[in-house]
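> Pasting the sequence and the predicted coordinates here, then a few questions.
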Amino acid sequence: MDLDDIRRIKKPEIVIGEDLALLSVAELEHRVHLLESEIVRIREAIAGKQSSKAAADAFFRS
């Protein structure tokens, strides 16, 4: 691992369970937006995997 690799490692923007007392309202709203975007991304991944599984199940049932 060289220095460029170390520089690329970023601290996660959101840490689950982190103390929220020191964050401003704007920071909390930004955090909610990030989490909602991530939920959408995860649900899309789930839907894609369910579609693939359904297609495979249908193929192997034939």
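Yep, that arrived. Residues are numbered from 1 along each chain as shown.
> remind me which residues of this structure are low pLDDT?
1-7, 62 (pLDDT under 70).
> how does it look with 90?
1-13, 57-62 (pLDDT under 90).
> which residues of it fall in helices?
Remark: helices assigned in the chain by DSSP state H are 3-8, 25-61.
> export those to CSV and tack on mean neighbour count and distance to residue 19?
Glycine gets a C-beta too; all of them are placed from N, C-alpha and C. Output for the helices of the chain, formatted as CSV (neighbours: other CB atoms under 10 Å; distance: least, CB to CB, whole Å):
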stretch, mean neighbour count, distance to residue 19
helix 3-8, 8, 27
helix 25-61, 10, 12
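> And those helices: which comes nearest residue 16?
Distance to residue 16, taken as CB to CB, is lowest for helix 25-61 among the helices of the chain, at 9.5 Å.
> how about the helices of the chain, which one is nearest residue 15?
Per CB to CB, nearest to residue 15 of the helices of the chain: helix 25-61, 10.2 Å.
> how close does residue 43 get to residue 49?
Distance, residue 43 to residue 49, by CB to CB, to the nearest Å: 11 Å.
> repeat for residue 16
From residue 16 over to residue 49 (counting by CB to CB), the distance is 23 Å.
> What of residue 26?
Going from residue 26 to residue 49 by CB to CB gives 35 Å.
> just how off-centre is stretch 32-46 within its chain?
Relative to its chain's centre, stretch 32-46 lies at 6 Å (CA atoms, centre = their mean, to the nearest Å).
> ignore the last one, stretch 46-58
Counting by CA atoms, centre = their mean, stretch 46-58 comes out at 21 Å from the chain centroid.
> cool, and stretch 16-35?
Centroid separation between stretch 16-35 and its chain, computed with CA atoms, centre = their mean, is 16 Å.
> what about it, how long is it end to end?
10 Å (CA to CA, to the nearest Å).
> can you list the residues that contact that stretch?
With contacts defined as CB atoms under 8 Å, 6 or more residues apart in numbering, stretch 16-35 is touched by 13-14.
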